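Colleague: Provide a 3D model corresponding to the input given below.
(one chain, ligands or ions: 3)
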Amino acid sequence: MTFKIFDGGRVQQAVPQGVILRLAVPVPLRRLFDYLPPEGLDPQLLAPGQRLWVPFAGRRLVAVLVEIVQESPLAELKPAQELIDRTVLFDEGSRSFLSWIAGYYQAPLGEVYAAAMPAALRKGKSAHHWAEQWLQLTTDGKGLPDSALARAPRQQALLQLLLREGRQSRTCLKTRKHGSATVRALQERGLVEWVAGPTVPPPMPEVEPSPAPQLNSEQQLALDAVNCSSFSATLLEGTTGSGKTEVYLRLVEGVLAAGRQALLLVPEIGLTPQTLRRIAARFPGHSIAALHSGLAEGERARSWLAAAAGQADIVIGTRSAIMTPLPRLGAVLVDEEHDASFKQQDGVRYSARDLALVLARKADVPVLLGSATPALETLHNALSGRYQHLRMRRRAGGARAPQIHLVPTLGEPLEEGFAPQVLRHIGDTLARGEQVLVFINRRGFAPALICDECAWIADCPHCSSKLTLHRRQRQLRCHHCDYRRPLMDSCPQCHSRSISALGGGTERSEELLARRFAGYPVIRVDRDTTASKQALDQLLAPARNGEPCLLLGTQMLAKGHHLPRVTLVVIQDADGGLFSADFRAPERTGQLLEQVAGRAGRGSLPGRVLVQSRFPEHPLLQTLLEKGYSTFARQLLRERAAAQLPPMSAMALVRAECEEPSWAEGFLRDARLFMQSLAPPSADLRYLGPVPALLERKSGRFRFYIQITAGQRSQLQPLLARLCQWAEGSSNRRLRWAVDMDAQELA
Ligand code: ADP
Ligand code: ZN
Ligand code: ZN
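Modeller: Ligands and ions are numbered 1, 2, ... in the order given. Model (predicted):
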């Protein structure tokens, strides 16, 4: 991608000569900005990848130096205010990767840099603040023989460590239990000295080292199949509990042995203290940097700087960790690669999973995507041979796959949403001293309208699609053709007045369980009860102790937790995603159900899964439960191919939101006309909208989008780039717009 330096093509005479700084400034404009070096600063100190304070439209902003050039097309340049620190935060590899991101996602480079930095650095705090003190030998110290100081064993041990392994960070000396008195004694002898050096990650909690288990044959085959000497892309499709994490850890071991850094990306709810302990226990003596939103600002900056300085051997983080500079990168691993949290939903709307491939290719290292329920995008790439496809079908450690039963609920005497036989099974399981997990699907699927008596569902007379309920307008709408009709009061088929939105209220079912099984702890896990990851960990402590209890929760419970005494999993309502207007809803439902079911019977006791549904005959449910996710996903892929939907096509949304709905809609109508004038619609390039987003009003703003689908990504890119230029020039300040490349949510 090339950046424009100025607007409108009015080339001015290039006047200033000499050292000119081309900077990425965090503003919503897709171009770079030229400045002179700060007054009085020796230009020799400047290098790309550093941060500077710059004056911008009356404000002071943190910009990143992208390039030093000789001349600028602009007549008058302002000097930058100040070099923040001499540290080059972004090395060349990282700068090239971030430019790629800006180009692909149509994002301003300054905003990409801002998104890549932890908050403290984004706000301009100097990296110096987290510089580490390192202990090194003085010239005298280096001259000593190994046998020196035999009468002071502590000093000798430290001296030998420094002779053997070179300088040591203060943090590392602490974890290795070399006391400050010993250091002082050596200092007094003039043998060692402290110097300021690169940041190291905060120390990990102390855990007992735990050795790796012997891999089973499936794991060994998978490990052996990954080519680690250069770029290779692999999907590891392994049943829940098949030991994928063990394979990741072995790969990490290889990366560390080669002296390189391993990047492990995990979903937002997957980075629990439990996960960190498992990794710390496996790699004692290696420095591990965690990067996630639960960290204090300073800790996060410290971890990030350590990773960027090459001082963290293992970097484990959520989505944004993909943008951390990693100078010694050896492999990228993505756990639960299908997880929706890898896609950023505002600002720079990148997919960390997709970027893992780009990063690995640029660094010429392997990338491994692991999941029990691969995303259709990933599966498509594997089936078409772009990725190597590895399977693990057996559960590791001897646990058996759970038995799954469908429980039809239509016309049954339900008690707050539970069939009598399901309540009986819950009671029996608790009485046997085992644990039960009840999963309540509260995901924000677009609500469809259903009759509780006869299961009639409102569908579009013009499309093979369900109508979506818009409560505010009391309307049903088709999101494919924009057909609308008023909401009805009774079922057109059986005239019952009992019609409701699929995926309705859940509080009452929670109350029922607490009352009915009052003798047992009921642990409720959702966003309200678990504001932090630590809270979730604490909440689950009784469950981990193995007492009989009832776990009740939303998708937060679906993964990441290994609870061996859960033998019964109840899925209260499997129907939510079956009839949504969002074409990805069936895929997400399938993934969620498979993941939840995978919580049952992970220990030595066999597991059982009960799935309540009003539509036990639904072909998608039938395929999923009888043949498993893999067959289910292939069936969905065939449907996507027939409808020319992603991953068989490329899709981008142009979004707009505004307090005044007609402005957002009008802006998008103009945007569509503008794009159509450049690239008229065809069988291979389709435009839809503006249509209201599934979540039509959010924080007082009305949201709309246009959807553009193309046979090739390369058709979309130039079109969207032109659109961004057009929109930057023409949009209203009260209106927000965005391009969402490879959009995941229509919400
Ligand atoms: P996944 O990541 O596929 O869900 P894990 O790697 O967490 O699976 O493994 C599930 C359970 O099986 C864990 O308790 C793990 O310690 C155990 N396990 C994995 N591999 C082995 C092995 N080779 N031998 C014994 N136990 C294993
Ligand atoms: Zn009816
Ligand atoms: Zn329609």
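Colleague: How about the helix or strand harbouring His389, which residues are buried there?
Modeller: In this assignment (DSSP states H and E), His389 forms part of strand 388-392. Across strand 388-392, burial judged by 16 or more other Cβ atoms under 10 Å covers Gln388, His389, Leu390, Met392. All C-beta spots, glycine's among them, are computed from the backbone N, C-alpha and C.
Colleague: Then stretch 342-360?
Modeller: 342-344, 348-360.
Colleague: before we move on, what about stretch 401-420?
Modeller: For stretch 401-420, the neighbour count (16+ other Cβ under 10 Å) marks Ala401, Pro402, Ile404, Leu406, Val407, Thr409, Leu414, Glu416, Gly417, Phe418, Ala419 as buried.
Colleague: Just the CA atoms of stretch 314-327, as PDB, please.
Modeller: What follows is stretch 314-327, C-alpha atoms only, in PDB (Å, rounded to 0.1, in the frame of the first residue of the first chain):
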ATOM      1  CA  ILE A 314       6.700 -17.200  25.400                       C
ATOM      2  CA  VAL A 315       4.100 -14.500  24.700                       C
ATOM      3  CA  ILE A 316       0.600 -15.600  25.500                       C
ATOM      4  CA  GLY A 317      -2.200 -13.200  24.800                       C
ATOM      5  CA  THR A 318      -5.600 -12.300  23.500                       C
ATOM      6  CA  ARG A 319      -6.400 -10.700  20.200                       C
ATOM      7  CA  SER A 320      -4.200  -7.600  20.300                       C
ATOM      8  CA  ALA A 321      -1.100  -9.600  21.200                       C
ATOM      9  CA  ILE A 322      -0.800 -10.400  17.400                       C
ATOM     10  CA  MET A 323       0.400  -6.800  16.900                       C
ATOM     11  CA  THR A 324       3.200  -7.000  19.400                       C
ATOM     12  CA  PRO A 325       6.700  -6.800  17.800                       C
ATOM     13  CA  LEU A 326       8.500 -10.100  18.300                       C
ATOM     14  CA  PRO A 327      12.000  -9.900  17.000                       C
END
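Colleague: can you list the residues of the chain near ligand 2?
Modeller: Counting by Cβ under 5 Å from the ion, the chain comes close to ligand 2 at Cys451, Glu453, Cys454, Trp456, Cys491, Gln493, Cys494, Ser496.
Colleague: Next up, the contacts around the closest residue in space to the last one that isn't next to it in sequence.
Modeller: Take Ser496 and drop its neighbours on the chain: the residue closest to it by Cβ to Cβ, 6 or more residues apart in numbering is Glu453, 4.0 Å away. By Cβ atoms under 8 Å, 6 or more residues apart in numbering, Glu453 lies in contact with Gly411, Cys491, Cys494, Ser496, Ser498.
Colleague: Please repeat the previous calculation with a cut-off of 6 Å.
Modeller: Shown in contact with Glu453 (Cβ atoms under 6 Å, 6 or more residues apart in numbering): Cys494, Ser496, Ser498.
Colleague: Point out the least confident member of those, please.
Modeller: pLDDT is lowest at Ser498 among the contacts of Glu453; the value there is 80.
Colleague: mind checking pLDDT for the spatially closest residue to that one that is not a sequence neighbour?
Modeller: Sequence neighbours aside, Asp452 is the residue nearest to Ser498 in space, at 4.3 Å (criterion: Cβ to Cβ, 6+ apart). For Asp452, the pLDDT comes out at 79.
Colleague: ok, Asp452 to Arg497 distance?
Modeller: When Cβ to Cβ, to the nearest Å is applied, the distance between Asp452 and Arg497 equals 10 Å.
Colleague: Those two: who's more crowded?
Modeller: More crowded of Asp452 and Arg497, by other Cβ atoms under 10 Å: Asp452, with 17 against 11.
Colleague: Arg31 - how many residues pack around it?
Modeller: There are 18 residues near Arg31, going by other Cβ under 10 Å.
Colleague: Tell me the bridge partners for it.
Modeller: Lys4 (DSSP bridges).
Colleague: In JSON lines: the residues of the chain next to ligand 2, plus distance to Leu593 and secondary structure.
Modeller: Output for these, formatted as JSON lines (distance: Cβ to Cβ, whole Å; DSSP: H, G, I helix; E, B strand; the rest coil):
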{"residue": "Cys451", "distance to Leu593": "24", "secondary structure": "strand"}
{"residue": "Glu453", "distance to Leu593": "25", "secondary structure": "coil"}
{"residue": "Cys454", "distance to Leu593": "25", "secondary structure": "coil"}
{"residue": "Trp456", "distance to Leu593": "24", "secondary structure": "coil"}
{"residue": "Cys491", "distance to Leu593": "27", "secondary structure": "coil"}
{"residue": "Gln493", "distance to Leu593": "28", "secondary structure": "coil"}
{"residue": "Cys494", "distance to Leu593": "29", "secondary structure": "coil"}
{"residue": "Ser496", "distance to Leu593": "28", "secondary structure": "coil"}
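Colleague: Which of these sits closest to ligand 3?
Modeller: Ligand 3 lies nearest to Trp456 out of these, by Cβ to the ion, at 17.5 Å.
Colleague: The stretch 501-650 of the chain: helices as residue ranges?
Modeller: 507-516, 533-539, 541-545, 585-597, 619-627, 629-642 (DSSP state H, counting those that start in this stretch).
Colleague: and Arg164, which of those is closest to it?
Modeller: helix 533-539 (37.6 Å; Cβ to Cβ).
Colleague: rewinding a little: quick one, which of the helices of the stretch 501-650 of the chain is packed in tightest?
Modeller: Among the helices of the stretch 501-650 of the chain, the stretch with the highest mean neighbour count (mean count of other Cβ atoms under 10 Å) is helix 585-597, at a mean of 24.
Colleague: what's that helix packed up against?
Modeller: Packed against helix 585-597 by the contact rule (3 or more Cβ pairs under 6 Å, 6 or more residues apart in numbering; DSSP states H and E) you find strand 566-571, helix 629-642.
Colleague: what's the angle between the first one and helix 507-516?
Modeller: It stands for strand 566-571. Angle, strand 566-571 to helix 507-516, by axes from the mean of the first three to the mean of the last three Cα atoms, to 10 degrees: 150 degrees.
Colleague: Pull up the pairing partners for strand 566-571, direction included.
Modeller: strand 435-439 (parallel), strand 608-613 (parallel).
Colleague: if we can go back for a sec, please go through the buried residues of stretch 342-360 and note which also touch ligand 3.
Modeller: Checked against ligand 3 using Cβ under 5 Å from the ion, the buried residues of stretch 342-360 yield no neighbours at all.
Colleague: Leaving out sequence neighbours, find the closest residue to the residue in the stretch 151-300 of the chain positioned nearest to ligand 3.
Modeller: Here the residue of the stretch 151-300 of the chain nearest ligand 3 is Pro267; by Cβ to the ion that distance is 33.7 Å. Distances taken as Cβ to Cβ, 6+ apart put Asp339 closest to Pro267, at 3.7 Å, once the chain neighbours are dropped.
Colleague: do you know how far the one you found is from Ala296?
Modeller: 25 Å.
Colleague: quick one, strands of the stretch 101-250 of the chain?
Modeller: 132-137, 168-169, 192-197, 232-238 (DSSP state E, counting those that start in this stretch).
Colleague: Please produce JSON lines containing the ones you listed, extended by mean neighbour count, mean pLDDT and distance to ligand 1.
Modeller: As requested, the strands of the stretch 101-250 of the chain are exported to JSON lines (neighbours: other Cβ atoms under 10 Å; pLDDT from 0 to 100; distance: least, Cβ to the nearest ligand atom, whole Å):
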{"stretch": "strand 132-137", "mean neighbour count": "18", "mean pLDDT": "93", "distance to ligand 1": "33"}
{"stretch": "strand 168-169", "mean neighbour count": "20", "mean pLDDT": "92", "distance to ligand 1": "31"}
{"stretch": "strand 192-197", "mean neighbour count": "15", "mean pLDDT": "92", "distance to ligand 1": "36"}
{"stretch": "strand 232-238", "mean neighbour count": "24", "mean pLDDT": "97", "distance to ligand 1": "5"}
